[in-house]
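Chemist: What follows is a predicted structure for the sequence shown.
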Amino acid sequence: MLETRGLTIRFGGHVAVDHVSCAFAPGTLTAIVGPNGAGKTTYFNLISGQLPASEGQVLLDDMDISGLSAPQRTRRGLGRAFQLTQLFPGLSVQENVRLAVQARHGGGMNLWQVWRDRRDWLEETRELLTTVRLFDRRDALAASLSHGDQRKLEVALLMALDPRVYMFDEPTAGMSLDEAPVVLDLIRALKARRDRVILLVEHKMDVVRELADRIVVLHQGALVADGEPAAVIASDVVQQAYLGTAATQEAA
């Protein structure tokens with residue numbers, strides 16, 4: 001469904017992503033790992049359209065979408081959750097999700113559209129808020145939520161758009177031990193559907209080991225390993241050079 005061919009970006013003389021070619025199939029959760037500065041988030045930005053590539057292509061269903069903007073790629077089915085939450089802070093939790101539901105159904109982004117005849121959209125909004133355990137906080141402003149609840153709300157927005165490709169960039173970063181399992185359970189449920197591409201940038205190797213069907217390792221912008229989790233984690237070169245001492249100890 002999703003493929004990158006020779007995807008590259010340069011910032012001056014620095015090559016941040018270096019000719020990365022990779023294909024991702026529906027029903028598979030791929031973890032993209034590597035040390036800080038390896039190019040993981042930049043690779044995500046190239047796929048989702050936040051950055052223009054210096055070279056290479058992004059293909060969705062064999063169609064080249066490299067020239068499309070980030071919103072155009074979203075409409076084609078690419079969904080992205082960021083390291084830093086991307087919400088409407090001055091709107092309520094419910095209004096945030098309502099807008100995403102409305103946008104997916106072709107209702108635009110007009111918050112004041114009359115919803116009396118759209119009980120199905122309202123019910124979908126309620127179901128999503130219940131799924132991410134935010135229904136009790138539906139009237140709170142998004143800006144007033146804890147960091148963990150903001151991450152859950154962002155996942156709800158992503159689910160409301162119902163993309164064919166889910167991209168999660170460190171979804172549990174900054175979350176407490178009590179909050180993180182909710183987001184991980186949501187990702188598990190999406191994976192269980194077996195009809196979506198799921199990409200996950202994550203530093204926590206216990207999470208990667210549990211969720212991933214496949215691990216792709218980047219180092220200095222280049223793809224250096226790609227395969228089943230057990231084989232990649234056991235690789236000496238990956239343990240020593242790319243995942244760090246802590247991951248080596250965990251894998252032992």
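Modeler: Sure thing, it's come through. Residues are numbered from 1 along each chain as shown.

Chemist: dump the residue contacts of residue 187.
Modeler: For residue 187, the contacting residues are 29, 166, 168, 171, 198, 200, 211, by CB atoms under 8 Å, 6 or more residues apart in numbering. From N, CA and C alone the C-beta is placed, and that goes for glycine too.

Chemist: Put the buried members of the residues you listed into a ChimeraX selection.
Modeler: This is the ChimeraX syntax for the buried subset of the contacts of residue 187, where burial follows 16 or more other CB atoms under 10 Å:
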select :29,166,168,171,198,200,211
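
Chemist: Can you show me the helices along the stretch 101-250 of the chain?
Modeler: Taking DSSP state H, counting those that start in this stretch as the test, the helices found in the stretch 101-250 of the chain are 119-131, 147-161, 180-193, 205-211, 229-234, 236-237, 244-251.

Chemist: Out of those helices, indicate the one that is most buried.
Modeler: helix 147-161 (a mean of 22; mean count of other CB atoms under 10 Å).

Chemist: Mean pLDDT and distance to residue 7 for the helices of the stretch 101-250 of the chain - can I get that in CSV?
Modeler: Compiled in CSV, these are given as follows (pLDDT from 0 to 100; distance: least, CB to CB, whole Å):
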stretch, mean pLDDT, distance to residue 7
helix 119-131, 89, 32
helix 147-161, 88, 22
helix 180-193, 88, 24
helix 205-211, 87, 22
helix 229-234, 87, 20
helix 236-237, 70, 22
helix 244-251, 45, 25
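
Chemist: Tell me which of the ones you listed approaches residue 20 most closely.
Modeler: The closest of the helices of the stretch 101-250 of the chain to residue 20 is helix 229-234. By CB to CB, the value is 15.9 Å.

Chemist: which other residues reach that closest one?
Modeler: 31, 205, 208-209, 212-215, 217, 225-226, 238-239, 243, 247, 251.

Chemist: go again using 7 Å as the cut-off
Modeler: 208-209, 212, 215, 217, 225, 238, 251 (CB atoms under 7 Å, 6 or more residues apart in numbering).

Chemist: quick one, domains of this protein?
Modeler: 1-77+165-252, 89-162 (automatic domain parsing).
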